[in-house]
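Participant: kindly generate the corresponding structure for this input.
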Amino acid sequence: MDKIILQLLTIIQYQYSQICWLVSFIARYIPLRQWAYDDSHSPKYQKFKTDTAPRIEYFEKKDWHELLRKHLQDTGRPIRPIRRRSSCDIPSDTVCPCCGAPAEYLYRNNGKADQLQCKACGTRFSPQENRLSRSCILRCPFCGHALEAKKNRRFFILYKCVNPKCSYYLNNLKKVDKDDLDSPFGKDLYKLHYIYRAFNVDFFRMNLDSLPRNASSLKFRKFDSYVMSLCLTMHVNLGLSLRTTAQALLDLYGIHISHQMVADYARTAALVVKPFVDSYDYMPSSTFSADETYIRVRGKKSFVWLIMDAASRSILGYRASGDRSVGPCIMAMRMAFRLFRKIPEGFRFIADGYSVYPLAAQQFFLKYGEDFRFDITQVLGLTNDDAVSKEFRPYKQLIERLNRTFKQTYRVRCGYDNLDGANCDLSLWVAYYNFLRPHQYNGFDVLNRIDQLENAGTMPGKWQILIYLGQQRILQMQKESSS
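Facilitator: Next comes the predicted model:
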């Protein structure tokens with residue numbers, strides 16, 4: 001027994017010596033300081049990161065009658081009104097905002113000149129600027145200091161921790177270059193303080209099934225459904241513009257149709273097909289990839305958000321917007337998560353370094369709790385300078401290739417007239433990409449096979465069946481809403 005213990009101690013000492021040698025080798029030859037200042041940890045990239053959620057302190061309203069009764073029951077002594085030695089300058093109509101105690105139970109506190117304190121509940125407040133008028137107060141998760149509202153943006157109010165002794169601020173201050181600290185506005189180049197964005201718009205209550213306006217009906221007078229499917233085949237599948245589609249129908253089939261009628265057909269088809277495309281069970285995997293690309297709407301720069309399943313290559317979320325804010329990003333992510341009751345284990349959401357993706361992920365956690373807690377894997381830059389970019393660069397290239405595929409059909413249109421038209425055209429293109437377009441990745445077959453579409457021999461016939469499936473889905477949604 002003694003020999004076994006002696007042998008085990010010898011092995012432990014040998015392992016300890018090897019560990020010490022490895023630590024010494026890493027400290028000498030591996031540049032740990034360089035790791036601390038790569039693109040993902042550099043203080044200059046701090047402004048693109050999303051801070052954790054703040055601590056929320058709710059104010060509980062109390063009744064001063066109940067407080068007096070409870071104090072008498074617990075101690076046997078009542079809380080008497082204040083005996084003042086001098087004339088009281090507190091207005092008689094002043095009451096405690098927490099418990100409603102009258103001015104007889106209020107006195108001036110020694111903390112500030114205009115600060116009052118309630119004898120019944122012990123609350124300190126100021127009559128001019130009362131913090132208890134709000135239902136809650138936001139506090140910094142690092143130092144507990146109350147956040148101050150600094151900027152009022154379009155969709156949110158920006159709160160900031162201005163405590164100079166906050167640990168978050170002091171840690172970020174250590175990373176700042178000394179040359180920038182000496183310059184007058186050097187600190188403005190960095191994000192040093194804790195920042196939180198409180199949204200005043202609830203993007204989770206917005207309707208995902210909003211349809212384009214001014215859509216014509218499917219009651220044909222001059223033409224029939226086959227002409228409509230021909231327009232969709234040329235306009236969506238072949239990527240022809242509206243006028244080129246009308247000219248092609250005249251040259252090939254002798255059909256005299258205006259480009260405005262082609263636009264009306266496309267808008268109506270988008271109205272019918274979109275519910276089926278969005279509610280289809282794509283059986284999503286645990287890896288999503290997202291990106292945004294540029295489009296033109298009346299000559300102004302706008303954006304298209306695309307979220308695809310990295311395994312099946314199907315487009316699960318899409319949105320056209322006039323700005324690059326977090327609102328359209330949340331709407332596209334909601335569309336991609338429609339089939340999820342909770343985030344699956346090992347889930348990966350891969351995007352670029354844009355800060356709206358972590359902010360949108362934070363809003364999902366605040367709205368739905370632990371069931372929708374997930375992190376954003378950000379692939380930074382164009383080269384693999386860090387281990388994360390090297391591992392997940394292929395997923396980012398998938399969504400970049402999808403952007404180029406979309407741009408091939410978009411360029412012939414020279415932009416859109418309005419956002420409704422952009423969303424209409426995007427809905428048709430997603431329907432074509434997911435159900436009708438042959439993909440080399442899938443052996444020149446469609447991504448999602450539907451039995452009804454397999455029976456149609458031509459592409460116009462497939463568009464008619466897809467419109468029919470969209471109509472059936474709309475009827476089902478109407479029955480569910482009525483019941």
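
Participant: do you know how far the residue nearest the centre of the chain is from Ser325?
Facilitator: The chain has Ala360 as the residue nearest its centroid, 1.9 Å off, counting by C-alpha atoms, centre = their mean. Using C-beta to C-beta, to the nearest Å, Ala360 is found at 10 Å from Ser325. No exception for glycine: its C-beta is placed from N, CA and C like everyone else's.

Participant: quick one, strands of the stretch 101-250 of the chain?
Facilitator: Counting by DSSP state E, counting those that start in this stretch, one finds strands in the stretch 101-250 of the chain at the ranges 106-108, 116-118, 124-125, 136-139, 148-152, 156-160, 195-199.

Participant: kindly present these as a markdown table, with separate columns for mean neighbour count and distance to Tyr318.
Facilitator: Shown next, in a markdown table, are those (neighbours: other C-beta atoms under 10 Å; distance: least, C-beta to C-beta, whole Å):
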| stretch | mean neighbour count | distance to Tyr318 |
| --- | --- | --- |
| strand 106-108 | 18 | 58 |
| strand 116-118 | 20 | 55 |
| strand 124-125 | 18 | 50 |
| strand 136-139 | 16 | 34 |
| strand 148-152 | 11 | 30 |
| strand 156-160 | 17 | 23 |
| strand 195-199 | 17 | 22 |
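
Participant: so where's the stretch 351-483 of the chain shaky on pLDDT?
Facilitator: Counting by pLDDT under 70, the stretch 351-483 of the chain contains low-confidence ranges at 412-413.

Participant: how about a cut-off of 80?
Facilitator: Applying pLDDT under 80 to the stretch 351-483 of the chain picks out residues 381-386, 410-415, 481-483.

Participant: which residues touch Tyr410?
Facilitator: Residues in contact with Tyr410 (C-beta atoms under 8 Å, 6 or more residues apart in numbering) are Ile295.

Participant: where does it fall, secondary structure wise?
Facilitator: Taking DSSP states H and E as the definition, Tyr410 sits inside helix 387-410.

Participant: ok, then the element right after that helix?
Facilitator: Trace forward from helix 387-410 with DSSP H and E and the next one is helix 419-431.

Participant: how big is the angle separating that next one from helix 387-410?
Facilitator: Comparing the axes of helix 419-431 and helix 387-410 via axes from the mean of the first three to the mean of the last three C-alpha atoms, to 10 degrees yields an angle of 110 degrees.

Participant: and helix 419-431, what does it pack onto?
Facilitator: Here helix 419-431 touches helix 259-279, strand 287-297, strand 300-309, strand 315-321, going by 3 or more C-beta pairs under 8 Å, 6 or more residues apart in numbering; DSSP states H and E.

Participant: any chance you could map the helices in this protein?
Facilitator: Here the chain has its helices, by DSSP state H, at 2-29, 32-36, 64-75, 167-174, 178-182, 225-232, 242-253, 259-279, 326-336, 356-368, 387-410, 419-431, 451-454, 459-482.

Participant: circling back to that earlier point, nearest to Gln476, of the strands of the stretch 101-250 of the chain?
Facilitator: Set against Gln476 and scored by C-beta to C-beta, the strands of the stretch 101-250 of the chain come closest in strand 195-199, at 32.8 Å.

Participant: if we can go back for a sec, need the strands of the stretch 101-250 of the chain in JSON lines (columns: mean pLDDT and distance to Arg83).
Facilitator: Listed next are these as JSON lines, based on pLDDT from 0 to 100; distance: least, C-beta to C-beta, whole Å:
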{"stretch": "strand 106-108", "mean pLDDT": "85", "distance to Arg83": "10"}
{"stretch": "strand 116-118", "mean pLDDT": "88", "distance to Arg83": "15"}
{"stretch": "strand 124-125", "mean pLDDT": "82", "distance to Arg83": "20"}
{"stretch": "strand 136-139", "mean pLDDT": "84", "distance to Arg83": "33"}
{"stretch": "strand 148-152", "mean pLDDT": "89", "distance to Arg83": "38"}
{"stretch": "strand 156-160", "mean pLDDT": "90", "distance to Arg83": "42"}
{"stretch": "strand 195-199", "mean pLDDT": "89", "distance to Arg83": "44"}
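
Participant: now render those strands as CSV, adding distance to Asp180.
Facilitator: As requested, the strands of the stretch 101-250 of the chain are exported to CSV (distance: least, C-beta to C-beta, whole Å):
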stretch, distance to Asp180
strand 106-108, 46
strand 116-118, 44
strand 124-125, 40
strand 136-139, 29
strand 148-152, 22
strand 156-160, 20
strand 195-199, 19
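
Participant: so who does Leu208 touch?
Facilitator: By C-beta under 8 Å, 6+ apart, the contact list for Leu208 reads 278, 331, 334-335, 338.

Participant: Leu402: which of those is nearest?
Facilitator: Closest approach between these and Leu402, by C-beta to C-beta: Met335, at 15.5 Å.

Participant: which strand residues bridge the closest residue to the closest one other than its chain neighbours?
Facilitator: Excluding the flanking residues, the one nearest Met335 by C-beta to C-beta, 6 or more residues apart in numbering is Gly317, at 4.0 Å. When assigned by DSSP bridges, Gly317 has beta-bridge partners Ile307.
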